[in-house]
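> what follows is a predicted structure for the sequence shown.
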Amino acid sequence: MKDISDNIKKVMIIFLLCFIGLISYITYFEFIVAPKIVSSQYNQRLWDKRNEVLRGTIYDRNMKALAKSTRIDKGSQKRQYVEGPAFAHALGYLDVKYGITGLEKKYDKELISTNVKDTLADFIKSKGKNGEKCGNNLKTTLDYNLQKKAYELLGDNRGAVVALNPKTGEILAMVSKPSFDPNYLNENWKNINENKERPLLNRATSGLYPPGSTFKTITAVSALENVSGIMDKRINDTGVLEFNSKESLKNYNGEALGDIGFEEAFIHSSNVYFGNLGIEIGNPKLKETAEKFYFNKNIPADGVTIENSRFPTLKSYEKGNIAQSAIGQGTVLTTPMEMALVASTIANDGIMMKPCLVKEVQSSKGEVLQTIKPEPIQQVTTNGNAKIIKDFMRKVVEEGTGTAAAVENINVCGKTGTADHSDEGSGALPHSWFIGFAPYEDPQIALAVIIEDGGQGGIAAANVASGIFRTALIK
Amino acid sequence: MNTNKDEKKLLRYTYLLCLVGFFNLAILKKPFDKGAMIMCLITCLLIGYSYFIIRKFFSDGDKYIFIFSSILASIGIIVLYRIETAAAIKQIIWFAIGVTIFILIVVLLPDLKRFDKYKYVYLVLTIILMAMGTLFGNETLGARNWVSIAGLSFQPSEFGKLFLVAYLASSLKDYESFKDLIEPAIVVMVALGFMVLQKDLGSALIFFGISVTMLYIATSKMKYVIICFGLFAVGAFISYGLFDHVRLRFLIWKDPWPYATNKSYQIVQSLLAIASGGLTGSGLGMGYPKYVPVCTTDFIFSIICEELGILMGFAIILLYFLLFYRCMRAAIYAEDNFSRLITVGYSAMIACQVFVIVGGVINMIPLTGITLPLVSYGGSSMLSTFFALGIIQKISEEGR
Amino acid sequence: MSLGKLSSIFAIIIIAIVYMIIFTALKIMNKDIKGSGRRRVKRNSVGLEIIKPGNSANLRKGGVIPIQKEITIGRRSGNTFVLDDPYVSSHHARIFAKNNEYILEDLESTNGTLVNEVKISGRKYLRSGDIIKIGNTVLKFIG
């Protein structure tokens, strides 16, 4: 056995390397893998930790309780959702078996944290005996009455409503239908999960639909920025825009609007005018404007996750598709939240505000611990352009396709949309859209309403919008 | 004699560790758990008295082996006390028996060189012990390597390991050429075969590690090592094809998450426990060992990482390496080949075991049912480890 | 202070102690590695001084035979120190080191080994100045 000590040294080094490998793997695990899996649903210790503290209450903006917890015994609590289905998607739910979703998930940490100062004070008062520890409460931006009204107005239809404060980005209402009752998850889970209409889907933030003519708002902004002399551009609208022998684009019902300019085309929603405009602007520039409105991008938001809306990249010879994209058809897809942000950006002089669902985090005793401040995302278009579109939108409700959205004594602004969609075969009615804001002089609320298979935007969705504006603005 | 001062220093740190650890456990229960402090006292007394005896009788050998072992054992007892007091009490008893065996080996055994003649005795014992599991074994926790005799269960493969090393040492010490390797190679392959049949894949890995290490030390030829790895790859491939329990291990190793509720429950909970601990852990008593299955034996490392953080995990790995280093060092100073090979074999046994279980528990390698030597709860494990350490200590006495 | 915070602090203390142990151990072992070099030098100064060479032709009075680790004494040629003396057995005795002490072991020789005129049986610790008599050869242990 020659060179015994050399051999042994070599073996020791190999084992040392193995052990170092072990240590490195643990380090990698701790810093890269661990953060991802700690909140896994299989981690029951999270539930134990959640249970140690009585979960905080979620309130609406006027301190009306929306979700409350009561303790059953040492090992469990019960969460009560005051209005069940109406707020189900905004608040989310909390269940040992079915996981955590929505706001409950986003602000989970705050709801089970206790304020240190309070705990110390209690500790001293009760001399260390076990009192109930209460988590922090949330004051959301939601308006109880508005949310309930929106839920009611959607009736038996499938669809969504998103209402924002255009100046601050606060989400005043966020409704998705069909919904479910989070108080009875266990009893109804099979139905809820297997229902073809997918009640668990939050259509407001994750439902992707073709926007239809509501997209013309964006096309109009793009025209103002890229087409010189657009304000004076007139065409003869024959009701049809032909690209070649096979493809053409029609107005609703093939209606010919005759000699129209930019404003009339917007007010009466001319597909021919805007289809043409799309080709003139070109896909690159139109896409650029859409992306300024945060299509194809992650929208920063607090308390919600918003699915990315999509605007396609097309080649310059695809005239048919370009025209379709300019009128919000073809492969353009958007969420109701995105369209609400479009309306609110126009209402807010071209500045898009970050949507947020929580106003304040308060301690269980009511002391404000954290205030979420309104935050602009970016200046999407100029003040001047926004004003022009604002005026157009005013006229849409005064004399155009959106008159059903009007409310007495209030200047409502908006744009209708009737979106053809091909998913259920050509027999289904188009989606009914309405986006808008009010009042014109000093916008307090901007919204987007979609009613799946609702038919004309100017009827179903506009009516719902009218009801919402009324509830919001007439006290 | 100034090494004495340093050893005393380490010993004092060990007492301090016990004190702080058990004190922490004591104040967890309201108002104060006297049982924990009694455990502390017993542990410290055991360690101190044993150290004293070792120093008195044979002050030549490597004293750090005992000290490192007792540090690891105390960490084990502290954590076991937190998990389940009954287990901790039993563990202290096993620790005491283990230390007794350790001392007896050092004191009573004559020169180890004399044992090199019993090659075939070791061979037979090895085969018997390995086969015992397959023939009489009861399946527990997915492996068939527990045997009950007169009410007491033990793992014959734990002791089989010891005799395998002895056999390999006596067989390889006269290595001259390739044909001397044929007989031990067959024995090793048979032993590995039994382990795979018993679904004890961890022991199989450890045997392999030990055999390769001893082979390299005996022959100094890298090419044999490479051939062995090649054979291992072939063997692994074949067993993957033949046995579905092997396939299962690989399946839950590659991606444990889809099966988190049934097949990979253990490893998933282990990973979650380690992830929840962070750098310094959630604190003794603040973790949730109830969610980690088999937490007193295989997954004790995960519990330690959850409650004392991964820094503690690193520290334990380092302690094992230091122990391994001292053991291998004894081999350098040994005088004859048999002693050298046995030392290397037993040291590799401990080191491989640590590597296999820690690697398995963090999902770096597929999980296998192995205990963490000295720290995990378990009589067979503790006794066989102390037996091995005793032999190593004896050899270190003879050397220098 | 909540129990949670207290436990975390304890955990940090425990971790610190264990790392202190590791650190101290490393320091000691480092010293040990450096120190073993020094010790070897000390060993070189241990040896057997020849007081009376006896019948061996290869010994001169006053010579010193250094002891590195171990020496064997006997008449047979394999020994470290060959004594060509009829009263010396083929493997007569051995001197080896144990933890800085040296031990003289009589290997069951026919005529025995004397240390300071006392016949020893088995092993005996040697001290500097001890007179060792093997056969007709007299040696003095220097250490």
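The structure has been received and is ready for your questions.
> low-scoring pLDDT stretches of chain B, where are they?
B:1-3, B:58-59, B:137-152, B:399-400 (pLDDT under 70).
> list the contacts for residue B:378?
B:94, B:297, B:371 (CB atoms under 8 Å, 6 or more residues apart in numbering or on different chains). Yep, even glycine has a C-beta here, placed from its N, CA and C like the rest.
> identify the single longest helix in chain A, thanks.
Looking across chain A with DSSP state H, the single longest helix is helix A:4-28.
> can you list the residues of chain B near chain C?
Chain B comes close to chain C at residues B:3, B:6, B:9-10, B:13-14, B:16-17, B:20-21, B:24, B:27-28, B:59-60, B:64, B:68, B:71, B:75, B:280-286, B:307-309, B:311-312, B:315-316, B:318-319, B:322, B:325, B:400, as judged by CB under 8 Å from any CB of the partner chain.
> which of the residues you listed are buried?
When the residues of chain B next to chain C are checked for burial by 16 or more other CB atoms under 10 Å in any protein chain shown, the buried set is B:6, B:9-10, B:13-14, B:16-17, B:20-21, B:24, B:27-28, B:60, B:64, B:68, B:71, B:75, B:280-286, B:307-309, B:311-312, B:315-316, B:318-319, B:322, B:325, B:400.
> about what we covered before: is chain B within reach of the longest helix of chain A?
Yes: Helix A:4-28 comes into contact with chain B (CB under 8 Å from any CB), by way of A:4-5, A:7-8, A:10-12, A:15-16, A:18-19, A:21-23, A:25-27.
> ok and the residue in chain B nearest chain A?
residue B:275 (3.6 Å; CB to the nearest CB).
> other SSEs contacting the longest helix seen in chain B?
Longest helix in chain B by number of residues, with DSSP H as the criterion: helix B:300-332. With contacts defined as 3 or more CB pairs under 8 Å, 6 or more residues apart in numbering or on different chains; DSSP states H and E, helix B:300-332 has these neighbours: helix A:4-28, helix B:63-83, helix B:265-277, helix B:337-361, helix B:379-398, helix C:3-44.
> with distance to chain A as extra columns, can I get the contacts of residue B:378 in JSON lines?
JSON lines is the format used below for the contacts of residue B:378 (distance: CB to the nearest CB, whole Å):
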{"residue": "B:94", "distance to chain A": "26"}
{"residue": "B:297", "distance to chain A": "19"}
{"residue": "B:371", "distance to chain A": "17"}
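> which of the residues you listed has the most neighbours?
residue B:371 (24 neighbours; other CB atoms under 10 Å in any protein chain shown).
> surely it touches residue B:356?
No: with contact defined as CB atoms under 8 Å, residue B:371 and residue B:356 do not form a contacting pair (10.2 Å).
> quickly note the distance from residue A:355 to residue B:62.
Distance from residue A:355 to residue B:62, counting by CB to CB, to the nearest Å: 68 Å.
> more neighbours: these two, which one.
For residue A:355 versus residue B:62, the count of surrounding residues by other CB under 10 Å is larger for residue A:355: 29 against 20.
> before we move on, the earlier item: buried only: go through the residues of helix A:4-28 next to chain B for me.
Buried among the residues of helix A:4-28 next to chain B by 16+ other CB under 10 Å: A:4, A:7-8, A:11-12, A:15, A:18-19, A:22-23, A:25-26.
> for the chain, which spans come out with low pLDDT?
I'll assume chain A. In chain A the weaker segments, taking pLDDT under 70 as the threshold, are A:1-3, A:115-131, A:245, A:423-426.
> my question was about chain C
C:1-2, C:35-45, C:56-58, C:99-100, C:143.
> domain-wise, how is it divided?
For chain C, the TED database gives the domain ranges C:1-37, C:47-142.
> hmm, the last one touching chain A?
So that's domain C:47-142. No: Domain C:47-142 lies out of reach of chain A by CB under 8 Å from any CB, never closer than 15.1 Å.
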